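Undergrad: here's my sequence, what's the structure:
(chains A, B and C)
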Amino acid sequence: MDATTHHEEHHGPTVKMYFAIFAALSVLTVATVLAAKFDFAPMLGVGLGAFVNNAVALGIACTKASLVILFFMHVKYESKLVGLAVVASVIWLAFLVLITMTDYLTRTSDWHLFVR
Amino acid sequence: MSSLASSLQHHFTDFKQQKESVVLGMWSFLIQEVMFFGGLFATYTVFRSQYSHAFAEASGLLNVNLGGVNTIVLICSSLTMAMAVHAASKGKNGGIAFWLVLTILFGSIFLGVKVVEYKEKWDHGLIPGIHDEGLRFDHETHQPRPTGFWLYFALYFAMTGLHAIHMIIGIPILATLAINGLRGKYGPEYYTPVEMTGLYWHFVDIVWIFLFPLLYLIGAHGAH
Amino acid sequence: MSTPHHTAAHHEEENYLTHDSSIQSWLLTKDHKRIALLYFLSVTLFFTIGGLFASLVRIELLTPAGDFMSSEMYNQAFTSHGVMMIFFFLIPAVPAVLGNFLMPLMIGAKDLALPRINLASWYIFIIGASLAVFAVLTGGLDTGWTLYPPYSSAYSQSRVTIAVAGVFIAGFASILTGVNFIATVHRMRAPGLTWFRLPLFVWAHYATSLVMVLGTPVVAITLFLLGLERTLGFGFFDPAKGGDPVLFQHLFWFYSHPAVYIMILPAMGVISEIISTFSRQKLFGYSFVAMSSLAIAILGFLVWGHHMFTTSQSAYTGILFSALTFLVAIPSAIKAFNWTATLYKGSVSWETPMLFAFGFMGLFLIGGLTGLFLATMGMDIHLQDTYFVVAHFHYVMVGGGVMGYMGGIHFWWPKITGKMYSNFWSKLSALLIFAGFNFTFFPQFVLGFMGMPRRYHSYPEEWQILNVMSTAGASILAIGYVLPAIYLTYSLFRGQKAPANPWGATGLEWQTSSPPPPHNFHETPTVTTEAYDYQSLPLSATPEKGASHV
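TA: Next up, the predicted model:
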């Protein structure tokens, strides 16, 4: 950010870039629909197939979100602090979802393991 | 120029400090929005991990075409919003109004499609709190719905509803900005309100970018 | 750029209280100092309401039989006490009153970064609080402040929905305060005021703001889901529909545990200022204390499941939460040790704020250490939902949060109002609060250990002695809280005029007049030294009665 002059910093992406991002977002939307219609289960087995389907869907969604954040929301051109704010929100969301999930994924009725 | 100078609030030393403060404030606000929707995404993750088949079956009842079209419509509105901010940064007040009106138009199309979708769900009797029977039993086969089917629709309405509320809040703000643009209230030195509303609008778009695959596309294969 | 009206230097200078006295100038003010006073009056009212409900609880528990109120009324009394005190007093108290007033002054700014948002936050707070007060006073609320489903969603006949809406709305006031502080600390610091020259009060409030912004929205959405559950039967927390009541607890405590740090961290900031000032020493281990605030804010988000050891929460997750909870003790202990080390070889004076600070240190120590008992999973099976828990969180939230708030009010009262209060009565109040508090809550540790459960209005006879002690202590505590209302009000009319820096403190807020002018400083100060640099203070700033240093 320091390398760029204030002039460039203010103006951010060009019109051409905005339309390119728009095109990319549209293509990715079509891609996520097609990927979802494609069932990976016969190829990879039920468990792994579902995982791949989810991973592709979330991967595309994260890519789209990153494009919007970096270019439409100018984070690429803002101070590092704003970037840190974005990263922090993702980390905190991960705290919430992942730690909650550790509970649901490890619940057990085998209490004799804990109670003598 | 005098109207611009009055846009600098007394407690700031210059426009740069004012803008940086407001930008940081807005991003802090967006972080809270992430966590606000985050509670719903956590709820979604918990229940989908427990009832993945029921979720896939329920998701199969959504209209992927309408959802897909709406996704593109919302991306269009994000583009026009970005263009409005761009016009503002160049001091083109007419451009601000033009692009904002387009943004409002796309936003309204999105909400219109949403109404059509909600109407479909109403007709199929899939609204929690109103159609208990439809959510418990399939009308055609009279088979009980799997556990988790209900929760999928509860989440569908909570998540898309809250998203729609955010858009409904955004549209009047966009309209105000468009009018202010026509009145020449902004210039290349000062267009912070346009930019901040842009951040909000893009954030709402991002929420939908995740809602679309998580709600519409999980039943697109397999279940049927 | 300096404002034109200060060139006409009157001998009686205009300050933020006197420059415009119309009602409108208060209700539409964007001045952080006036908004702080609006918050001050509001939270004092809610503290009073919460306190009255506490008295009802203590009166009922004077005798073993449930004779003073029905069990339903008792449920409403302790719930109303909890909701009022936590959401409408403790959470806003230090940040929205003292933080609002002091943050810009301490960093040499004319106002918070977003003054209109600041005013909006007060109105949002008042709307939320009015709904909650309406709910509490008309239909009552009987779910406990934790609002657990399925009782709150399916069974309670009380005004849950309205109260929940009130708390939901008030949450956004807290979020906006946090947003404002973050923007302010990053963008509004005076020239030369680097991060490691900031007073620790500012660090503590910065850490608190992070918690407000990252945590509060989660409880907001949780309450929103609870509302949907109660009104429309959405079923997220209803096992009959596949939902899980424990999920509510996860989401609720994701915020409500960090919320404890919203109550305690700013108070710790106050204590740092007071201890340094009245020892006349730079705070020992400044950077460790600053960083421990951030560490508490972050770690505080990773421990919420320790409220859920006795639910169906996975034991493995319980172990994780238990271990992480022990880690929070480290930054808390760093603070306690550094405060103590600051006193060492300092010239300690026993002014009223210092008495509150000592009270804080003792009570928070007990509160914090008993937290470790509860963080131990096996121990918690025995202590969960007993009076041990009640005593523990009162030691933290009242012994810590309220003591810090009282200390802060007494420390900055001369700055806020321009008046000095009575030394004798204020010291008496500090002692009464400390003694009364211990009398009230120490017996509750014992009762909890003996197995007395919380939230019951009757109990076996053998526990009466300890309960009578507790109620007697609460009466002393009540006197301790009523006294300041009297002598502080009295000081407004008859108090001695306060000098700019009555305590010989170092912060920028003491370099402007008492009360400060509308825009805080006549010229933006430049900072050249670290915080708590007592050497650089002009001699005239040493405490001396009536010395008016401008």
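Undergrad: tell me where the stretch 151-300 of chain C has helices.
TA: Per DSSP state H, counting those that start in this stretch, the stretch 151-300 of chain C has helices spanning C:160-187, C:200-232, C:245-279, C:286-299. These are given in chain order.
Undergrad: let me fix that: chain A
TA: Using DSSP state H, the helices found in chain A span residues A:6-11, A:15-37, A:41-44, A:46-67, A:80-106.
Undergrad: anything in the shortest one near chain B?
TA: Looking back up the chat, that one is helix A:41-44. Yes: on the criterion C-beta under 8 Å from any C-beta of the partner chain, helix A:41-44 is in touch with chain B at A:Ala41. No exception for glycine: its C-beta is placed from N, CA and C like everyone else's.
Undergrad: that helix packs against which elements?
TA: Counting contacts by 3 or more C-beta pairs under 8 Å, 6 or more residues apart in numbering or on different chains; DSSP states H and E, helix A:41-44 is packed against helix A:46-67.
Undergrad: for the longest one, same thing?
TA: Helix A:80-106 makes packing contacts with helix B:15-50, helix C:200-232, helix C:245-279, helix C:315-343 when contacts are defined by 3+ C-beta pairs under 8 Å, 6+ apart.
Undergrad: buried residues of the longest one, list them for me.
TA: Counting neighbours by 16 or more other C-beta atoms under 10 Å in any protein chain shown, one finds that the buried residues in helix B:15-50 are B:17-48, B:50.
Undergrad: from those, pick out the ones that also neighbour chain A.
TA: With C-beta under 8 Å from any C-beta as the criterion, the subset of these in contact with chain A comprises B:20, B:23-24, B:27-28, B:30-31, B:34-35, B:38-39, B:41-42, B:45-46, B:50.
Undergrad: ok, and of those residues, which contact chain C?
TA: Judged by C-beta under 8 Å from any C-beta, the overlap between these and the neighbourhood of chain C comprises B:20, B:24, B:28, B:31, B:34-35, B:38-39, B:42, B:46, B:50.
Undergrad: residues contacting C:Val389?
TA: With C-beta atoms under 8 Å, 6 or more residues apart in numbering or on different chains as the criterion, the residues that contact C:Val389 are C:374, C:383, C:448, C:454.
Undergrad: number of nearby residues for the second one?
TA: With neighbours defined by other C-beta atoms under 10 Å in any protein chain shown, the count for C:Leu383 comes to 21.
Undergrad: and it, how far from chain A?
TA: Per C-beta to the nearest C-beta, to the nearest Å, C:Leu383 is found 17 Å from chain A.
Undergrad: for that residue, what are phi and psi?
TA: In this entry, C:Leu383 is assigned phi and psi values of phi -90, psi -20 (degrees, to the nearest 10).
Undergrad: next one: B:Pro144
TA: The phi/psi pair for B:Pro144 (degrees, to the nearest 10) reads phi -70, psi 140.
Undergrad: assess the claim that it and B:Gly134 are in contact.
TA: No: the pair formed by B:Pro144 and B:Gly134 falls short of the contact definition of C-beta atoms under 8 Å, at 11.9 Å.
Undergrad: and the ones next to chain C among the ones next to chain A among the buried residues of helix B:15-50, which is closest to C:Met406?
TA: Ranked by distance to C:Met406 (C-beta to C-beta), those are led by B:Ser28 at 29.8 Å.
Undergrad: quick one: contacts for that closest one?
TA: A:85, C:178-179, C:182-183, C:213.
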